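Chemist: need the 3D shape of this:
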Amino acid sequence: MFPFAALMPLLLQTFVSLLTDWLFWVIVLLVAFQYRRMAAVSWQLFDLPGEPVWPSVLMAAGFGIAGGLFASLLMVFVGISVLELGISYLWITALVLMLFQQRFLCFAYAGGVISLSRLLFGFPEVSVAQLMGLVAILHMVESLLILASGHLEPLPVYVRTAQGRVVGGYNLQKFWPLPLIALLAVLMPGEEVIKGAVRMPDWWPLIKTELLRGQGEPLYVMMPVVAALGYGDIAITAAPAEKTRTAAAELAAYSFILLLMSVAASHFPALSVIPALFGPLGHEFLIRAGQRRELRGQPVFVQPERGVMALHVLRGSPLQKAGVRRGDIILAVGGIHVDSASEVREVLLATEGAVEVEYLAGKNRIWHRSLAPRVGGEPLGFIPAPGVYETAFLEMSGSTSLLWRWWNGARKRFR
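Modeler: Modelled structure (predicted):
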């Protein structure tokens, strides 16, 4: 049986000390910068002052800490050793791949490239099973974070699809700072018993070390590491919660299969090519399948035949106080039927103070009537789903190549 009770105090002690590490809070600041940048793009699109991003940052930090603790337990349970991973090669490869496509800044692609290089050319000296096992664990934790928080605080956007139609959607990009406890495997000469050592079961580690050489018994030491995870998606054909449930389930299945392949490869090295190929190719398949669903599916957030759909309701706005949520359909304002955002504005221009709002709520479209408290001529505070003649939108072009952008910029300057 695995000695969780004996290991947890050691792991928690190291984990708590990691939360006081300045590097972890630098990662939190970088996450805050990313959220602020994404929010600025979204609110500029709608010419709105925007909403504070600190709730999203605090939420990301909280979920990241919980995810980091779970990832640390998995890494200890599986037996991932940092000396077997070639972390510096992993980061350098990921950064190089990002120059070709920004979404390639992912350990699934970098791990696959390094693993194939190891198998074909013998360089760099890494354990393919350990490296792809790490990729599997990080994506398994990412799937849980996506399920728990990927749908929270989505940013509204107008998007032009491949068919040229402008539809409403939500930017689901998320970033999580991830404090981790990894293992460092070293050889202890002799067979003396080390005081304070925890006796592990005979089957452990699940993924065997392959780079330790020399005489002695392997000793595993806990080592704090700071990392970050990111998730990027857009919800057009489904609500954010439904979209993230599907993405989380697919990513969890991918991660579990990759972990099984990595465990098998550590016991049968001839199988190492299987996780090395499945890691990047399986990840790419998930992304392309998701994009196809969004491009070919039926958009949900479009102007209805009757009423005005609220794509987003501003925090603390009169409409939110009236109980209207994103996806609800506003039927009437102040007793006057409305079929467009311009008609809503016309009614409000002729009215001051609180107004009565009739709307259809939720998937079942349950009819409600409530009062929206306003101060003077205050707007209701919502972003409508786009109409037929909407001109402000984002292109669904996928991730971009930094090299291609630099090349185009240099070519323009020379011209």
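
Chemist: what is residue 367 paired to in the beta sheet?
Modeler: residue 360 (DSSP bridges).

Chemist: list the contacts of it.
Modeler: Residue 367 makes contacts with 331, 358, 359, 360, 361, as judged by Cβ atoms under 8 Å, 6 or more residues apart in numbering. In short, each C-beta sits where N, CA and C put it, glycine included.

Chemist: part of a strand, is the first one?
Modeler: Yes. The assignment for residue 331, made by DSSP: H, G, I helix; E, B strand; the rest coil, places it in a strand.

Chemist: how close does it sit to residue 300?
Modeler: 18 Å (Cβ to Cβ, to the nearest Å).

Chemist: and what of the fourth one?
Modeler: Residue 360 sits 14 Å away from residue 300, going by Cβ to Cβ.

Chemist: swap in the last one?
Modeler: For residue 361, the distance to residue 300 under the criterion Cβ to Cβ works out to 15 Å.

Chemist: for the closest residue to residue 239 other than its chain neighbours, the count of nearby residues, please.
Modeler: Setting aside the residues directly before and after it, residue 239 is nearest to residue 327 in space (Cβ to Cβ, 6 or more residues apart in numbering), at 6.4 Å. Residue 327 is flanked by 21 other residues according to other Cβ atoms under 10 Å.

Chemist: next, give phi and psi for residue 327.
Modeler: phi 90, psi -20 (degrees, to the nearest 10).

Chemist: surely residue 349 and residue 379 touch.
Modeler: No. Using Cβ atoms under 8 Å, residue 349 makes no contact with residue 379, being 10.0 Å away.

Chemist: the two: which has the busier surroundings?
Modeler: Counted by other Cβ under 10 Å, residue 349 and residue 379 do not tie: residue 379 has more neighbours, with 13 against 9.

Chemist: how about the helices in the stretch 251-400 of the chain?
Modeler: 273-296, 318-321, 341-349 (DSSP state H, counting those that start in this stretch).

Chemist: hmm, who's touching the shortest one?
Modeler: Right, the one you point to is helix 318-321. Identification of contacts with helix 318-321 by Cβ under 8 Å, 6+ apart yields 310, 313-314, 330, 354-355, 357, 372-374, 378-382.

Chemist: identify the farthest-apart pair in the residues you listed.
Modeler: Largest separation among the contacts of helix 318-321 by Cβ to Cβ: 310 and 354, giving 18.1 Å.

Chemist: which of these two has more residues huddled nearby?
Modeler: Just comparing residue 310 and residue 354: by other Cβ under 10 Å the higher neighbour count belongs to residue 310, 26 against 16.

Chemist: what is the burial count for the residue lying closest to the more buried one once chain neighbours are set aside?
Modeler: Distances taken as Cβ to Cβ, 6+ apart put residue 382 closest to residue 310, at 4.6 Å, once the chain neighbours are dropped. Residue 382 has 24 neighbouring residues, counting by other Cβ under 10 Å.

Chemist: again, but for residue 142
Modeler: 25.

Chemist: and it, what is it in contact with?
Modeler: Residue 142 makes contact with 67, 229, 231, 251, 255, according to Cβ under 8 Å, 6+ apart.

Chemist: tell me what the residue nearest to residue 310 is bridged to.
Modeler: residue 313.

Chemist: give the full set of residues in contact with it.
Modeler: Per Cβ under 8 Å, 6+ apart, neighbours of residue 382: 310, 311, 312, 313, 314, 317, 319, 324, 330.

Chemist: how far away is the fifth one from residue 96?
Modeler: In this structure, residue 314 lies at 41 Å from residue 96, with Cβ to Cβ as the measure.

Chemist: likewise for the second one?
Modeler: Taking Cβ to Cβ as the criterion, residue 311 is separated from residue 96 by 38 Å.

Chemist: between these two, which one's more packed in?
Modeler: residue 311 (22 against 13).

Chemist: is it correct that that one is in contact with residue 301?
Modeler: Yes. Using Cβ under 8 Å, residue 311 is in contact with residue 301, at 5.4 Å.

Chemist: common neighbours of those two, please.
Modeler: Joint contacts of residue 311 and residue 301 (Cβ under 8 Å, 6+ apart) are 168, 327, 385.

Chemist: check what pLDDT the second one gets.
Modeler: The pLDDT attached to residue 327 in the predicted structure is 92.

Chemist: quick check: residue 97 touching residue 111?
Modeler: No. Contact criterion Cβ under 8 Å: residue 97 and residue 111 do not qualify, at 10.8 Å.

Chemist: neighbour-wise, which of these two wins?
Modeler: Of the pair residue 97 and residue 111, residue 111 is the one with more neighbours under other Cβ under 10 Å, namely 31 against 19.

Chemist: would you say the more buried one is within a helix?
Modeler: Yes. Counting by three-state DSSP, residue 111 is part of a helix.

Chemist: leaving out sequence neighbours, find the closest residue to it.
Modeler: Nearest to residue 111 is residue 135, by Cβ to Cβ, 6+ apart, at 4.4 Å.

Chemist: check residue 162 too.
Modeler: residue 295 (5.2 Å).

Chemist: mind checking how far the one you found is from residue 343?
Modeler: Using Cβ to Cβ, residue 295 is found at 31 Å from residue 343.

Chemist: list the buried residues for stretch 164-180?
Modeler: By 16 or more other Cβ atoms under 10 Å, the buried positions in stretch 164-180 come out as 166-180.

Chemist: any weak-confidence spans in the stretch 51-200 of the chain?
Modeler: 187-197 (pLDDT under 70).

Chemist: which residues in it form helices?
Modeler: Under DSSP H, counting those that start in this stretch, the stretch 51-200 of the chain gives helices at 54-78, 87-100, 107-121, 128-149.

Chemist: which SS state does residue 224 fall under?
Modeler: Of the three states, residue 224 takes strand under three-state DSSP.

Chemist: show me what it is bridged to.
Modeler: Counting by DSSP bridges, residue 224 is bridged to residue 181.

Chemist: swap in the one 4 residues further on?
Modeler: With DSSP bridges as the criterion, residue 228 is bridged to residue 177.

Chemist: touching, it and residue 179? I think so.
Modeler: No. Contact criterion Cβ under 8 Å: residue 228 and residue 179 do not qualify, at 10.1 Å.
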